[in-house]
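Asker: take this sequence and fold it.
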Amino acid sequence: MPRWLYFLLIMAVIAPLIELIWGQQQEIAIFICSAISLVPLAVVIGRATEDLESHVGPVAGGLLNATFGNAPEIIIGIFALQQGLITVVKASIISCHACFPPAFEAASSQRPGENDTSSFIN
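Answerer: The predicted structure follows:
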């Protein structure tokens, strides 16, 4: 990761400052700063799990990678549920589910249709 990308992490500090100083009416600026800060944060978390994998082995490393790889969906889901945004949670689950290749879905499915994304829509 280029060093200049680390400077985008400062946006994680700027977003709460905007809310404290100007209040909730600046929600677009808060959202933009928060979204920008997630890019380098995701890279840092990805690198950390890769480094840990070399120390703990491929099985535990894969578990860590899967856990932290789903962290954005978990965070989005928690905050969206607090606000009553059920459709956002459904979309987050579907987008996460769509990332798996079909071969993985077929191998991991115990029953036909169990991993079908259409079941999340209802």
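Asker: tell me which element the spatially most central residue of the chain falls in.
Answerer: For the chain, the residue nearest the mean C-alpha position is residue 72 (1.6 Å; Cα atoms, centre = their mean). Mapping residue 72 onto the secondary structure by DSSP states H and E places it in helix 71-82.
Asker: right, and the helix or strand after that helix?
Answerer: Using DSSP H and E, the next helix or strand after helix 71-82 towards the C-terminus is helix 86-97.
Asker: from the contact counts, what lies against whichever helix in the chain runs longest?
Answerer: Longest helix of the chain, by residue count under DSSP state H: helix 27-56. Identification of packing neighbours for helix 27-56 by 3 or more Cβ pairs under 8 Å, 6 or more residues apart in numbering; DSSP states H and E yields helix 3-6, helix 11-22, helix 58-69, helix 71-82. Any C-beta I mention is one placed from the backbone N, CA and C, and that applies to glycine too.
Asker: how far off centre is the helix holding residue 72?
Answerer: From the chain centre to the centre of helix 71-82 is a distance of 8 Å (Cα atoms, centre = their mean, to the nearest Å).
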